[in-house]
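> below is the sequence, then the predicted model.
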Amino acid sequence: MTLAVSDLLPALGSEGEAALTSLLQHVGDVLTVLDLDHLDRLSGDQLLTQMSQVAHVLRGSEAALAAMSAEVAVRSDPVRGGEGLAAKHTYQRPSQLIEVITGLSSATAGRLIRVGQRTTQRVSDAGLPLPPLFPAVSKALHEGLIGVDAAENITRELSLAAPRAEVEHLAIAETALVEQATGAGWRDGLPLSADLIAIQARQWRERLDEDGIEPRTEKAFQKRDFWISRTTTPDGLVKFGGQVTVDVGGKLHALLDAILSPRTDDRYLPTDTDTGHASPAVDGADPAGPAVEGAVDEGEEVQSRDRRTAGQKRADVFAAMIDALARSDDVPTVTGASPTVVVSVTADVLERQKGTGQIVGINTPVAYSTIKQILSDADIVPIFLDPDGAIVALGNTQRGFNRTQRMGMIARDGPTCSMPDCQIPATGCEAHHVIEYSEGGPTHIDNGALFCWYHHRAIQTGAFTVEMVNRKPKVTIAAWLRRKPYFQ
């Protein structure tokens, strides 16, 4: 079913429709003049000036859409039954009709309705006109000074405070927030963004309704949640999520900020100091020899940038936190043992070092490289099964590095991951056998080094190599990973 804007605006009459038609034609002309395909020809000031002007037009359009959406909601009131506007067009909710008309998302349609209801003129039960619930927001919105996002943030928070707040205090808060959103009354005249307005509005809500803080805190506490999937995405990742109280969130932010703080450059810089973190030079490279992939010409700076995204770094910090907690003396035990990850893999896969296994509890195949990383930092108890899956024998525990050995590595190599410049705390790192255990390497401090989850995986994939030099770990960056300045 095709709907026209005119179906929703009979109150405007022919003059209103003509004005809208003229406006749409004018917008088309403006877009042509702007020449959006060649914005690179504009100076910085010209670009920002035009963007500001277009944003003003956008805010005006949003104000009109909000008012219209509120009217659609009124005409779609369930009490009208099948005569409601949405019902006439076969939709259950007014937001669904608005989605079809505008092409906007369900969330945006709902936001338009809410803002419109709070900022348009009301009608009393006696049919008399009433001012908007938030007149200052309404005025700024209809003048194109603020957008729907800012209007929603202000009116949402103040609506929550309204039942307990004094009317005069509510008006003061509304005026102050509108001034912040428009820049009026501020020395620099710069408006706050919608996100910053949301923070300010929340502060006003708490001040206006101090008696409601504790009930809201308790309600939020009851909504805390955490979940983790036992299946994986098509890409082989495990999804998890949830929400925590603000104090827990604050602690997590502080921890992430401390670990991810750019206290050092994010590159692995060569160093000649005896810190246990050796210069990332290519062993055996001949500067005078022929140029080959990964070779280094004499005198050139060789650096390897950490190319992880911020999200990837946070995920790696989370992995380190899980490792640290799993090794903690305070963690609950299961049948007398620390939390155990059970990995199922056939002897054939271990022998060929190729294929898949499975982590019990995660219903998806796991690559051998992942299994190898887990086994390199674990106590291993071999359980031998026959082809039918019956247990035929139990082996003795093959020890991973114990707590004392880990503390010794920290004392020797420092409080962080053994990879240069990595700030992940060593207590959350995995212990790596420099000479693989499967190749006869001993579980001895002289054959161990602590690496965070990410860099341990990088070693397993060959991006870095480690050897013990003077009983300390020496890290070497693979030649193919090196980066020359002229490739930047």
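All right, it came through fine.

> now for Val317, how many residues are close by?
Neighbour count of Val317, defined by other Cβ atoms under 10 Å: 23. Glycine gets a C-beta too; all of them are placed from N, C-alpha and C.

> and the contacts of the strand or helix carrying it?
If you go by DSSP states H and E, Val317 is part of helix 310-327. Here helix 310-327 makes contact (Cβ atoms under 8 Å, 6 or more residues apart in numbering) with 255-256, 259-260, 308, 331, 338-339, 403, 406, 424-425, 427-430, 452-454.

> check which residues of that helix are buried.
Lys313, Asp316, Val317, Phe318, Ala319, Ala320, Met321, Asp323, Ala324, Arg327 (16 or more other Cβ atoms under 10 Å).

> quick check: next helix or strand after that helix?
Next along the chain from helix 310-327, counting by DSSP H and E, comes strand 343-344.

> quick one: distance of the next helix or strand after that following strand to the chain centre.
Scanning forward in sequence from strand 343-344 by DSSP H and E, the next helix or strand is helix 347-352. On the basis of Cα atoms, centre = their mean, to the nearest Å, helix 347-352 sits 38 Å off its chain's mean C-alpha point.

> pLDDT averaged over helix 347-352 - what is it?
The average of the pLDDT scores along helix 347-352 is 77.

> what does that helix rub up against?
Identification of contacts with helix 347-352 by Cβ under 8 Å, 6+ apart yields Gly355, Thr356, Gly357, Tyr368, Ile371, Ser438.

> distance check, the last one against Gln373.
From Ser438 over to Gln373 the distance is 13 Å, taken as Cβ to Cβ, to the nearest Å.

> between those two, which one's more packed in?
Between Ser438 and Gln373, counted using other Cβ under 10 Å, Gln373 has the larger neighbour count: 19 against 13.

> residues near the residue nearest to that one when sequence neighbours are not counted, how many?
In space, and not counting its chain neighbours, Gln373 is closest to Gln460: 5.1 Å by Cβ to Cβ, 6 or more residues apart in numbering. A count of nearby residues for Gln460, using other Cβ under 10 Å, gives 18.

> isn't Gln460 up against Ile374?
No - proximity of Gln460 to Ile374 does not meet the contact threshold set by Cβ atoms under 8 Å, at 10.3 Å.

> where do the strands sit along the chain?
With DSSP state E as the criterion, the chain has strands at 122-123, 129-130, 225-232, 238-243, 343-344, 356-359, 365-367, 383-385, 391-394, 430-433, 448-451, 464-469, 472-477.

> Serialize the ones you listed to TSV and add fields for distance to Ile98 and mean pLDDT.
Converted to TSV, these look like this (distance: least, Cβ to Cβ, whole Å; pLDDT from 0 to 100):
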stretch	distance to Ile98	mean pLDDT
strand 122-123	20	86
strand 129-130	24	90
strand 225-232	31	86
strand 238-243	29	88
strand 343-344	52	75
strand 356-359	47	77
strand 365-367	46	76
strand 383-385	60	64
strand 391-394	62	61
strand 430-433	53	88
strand 448-451	54	91
strand 464-469	55	89
strand 472-477	56	87
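
> which of the ones you listed sits closest to Leu36?
strand 238-243 (37.7 Å; Cβ to Cβ).

> tell me the helices and strands packed up against the closest one.
Applying 3 or more Cβ pairs under 8 Å, 6 or more residues apart in numbering; DSSP states H and E, one finds that strand 238-243 makes contact with strand 225-232.

> just checking: what are the partner strands of the strand it packs on?
When sheet partners are counted by DSSP bridges, strand 225-232 sits next to strand 238-243 (antiparallel).

> next one: the partner strand to chain centre, how far?
The answer for strand 238-243 is 11 Å, by Cα atoms, centre = their mean.

> and the furthest pair within the buried residues of helix 310-327?
Farthest apart among the buried residues of helix 310-327 by Cβ to Cβ are Lys313 and Arg327. That separation is 21.6 Å.

> now stretch 353-373: buried residues?
Residues of stretch 353-373 classed as buried: Gly357, Ile359, Ile362, Val366, Tyr368, Thr370, Ile371, Lys372, Gln373 (neighbour count, 16+ other Cβ under 10 Å).

> ok, now which ones touch the second one?
So that's Ile359. Each residue near Ile359 by Cβ under 8 Å, 6+ apart is listed here: Val341, Val342, Val343, Ser344, Val366, Ile374.

> same question, the fifth one
Tyr368 is in contact with Val345, Val349, Gln353, Lys354, Gly355, Thr356, Gly357, counting by Cβ under 8 Å, 6+ apart.

> against Leu350, how distant is it?
8 Å.

> do Ala458 as well
22 Å.

> Asp446 against Asn470, yeah?
No - using Cβ under 8 Å, Asp446 is not in contact with Asn470, being 10.3 Å away.

> of the two, which one has the most company?
Applying other Cβ under 10 Å to Asp446 and Asn470 shows that Asp446 carries more neighbours, namely 11 against 7.

> report pLDDT for the more buried one.
If you check Asp446, the pLDDT there is 90.

> list the contacts for it?
Residues counted as contacts of Asp446 (Cβ under 8 Å, 6+ apart) are Met468, Arg471.

> again, only using 10 Å
For Asp446, the contacting residues are Gly408, Arg412, Val434, Met468, Arg471, Lys472, by Cβ atoms under 10 Å, 6 or more residues apart in numbering.

> before we move on, what about Thr217?
Per Cβ under 10 Å, 6+ apart, neighbours of Thr217: Thr245, Val246.

> so what's Pro94 closest to, chain neighbours aside?
Nearest residue to Pro94, sequence neighbours excluded (Cβ to Cβ, 6+ apart): Ser76, at 4.0 Å.

> tell me which residues touch the one you found, please.
Ser76 makes contact with 83-89, 91-98, 113, according to Cβ under 10 Å, 6+ apart.

> go again using 8 Å as the cut-off
Counting by Cβ under 8 Å, 6+ apart, Ser76 touches Gly84, Leu85, Ala86, Ala87, Tyr91, Arg93, Pro94, Leu97.

> what about the fifth one, how many residues nearby?
Under the neighbour criterion other Cβ under 10 Å, Tyr91 is assigned a count of 18.

> relative to Gly84, how far out is the closest residue to it other than its chain neighbours?
Among residues not flanking Tyr91 along the chain, Leu97 sits closest, at 4.6 Å (Cβ to Cβ, 6+ apart). Per Cβ to Cβ, Leu97 is found 10 Å from Gly84.

> more neighbours: these two, which one.
Leu97 (26 against 21).

> state the pLDDT value of the more buried one.
Here the pLDDT value assigned to Leu97 is 93.

> which of the residues in stretch 83-100 are buried?
Going by 16+ other Cβ under 10 Å, stretch 83-100 has these buried residues: Gly84, Leu85, Ala86, Ala87, Tyr91, Arg93, Pro94, Ser95, Gln96, Leu97, Ile98, Glu99.

> over to stretch 452-461?
Cys452, Trp453, Tyr454, His455, His456, Arg457, Ala458, Ile459, Gln460.

> Gly249 and Ser418, how far apart?
31 Å.

> give me the contact list for stretch 206-215.
Stretch 206-215 is contacted by residues Leu158, Leu160, Ala161, Pro163, Arg164, Ala165, Glu166, His169, Leu170, Ala173 when judged by Cβ under 8 Å, 6+ apart.
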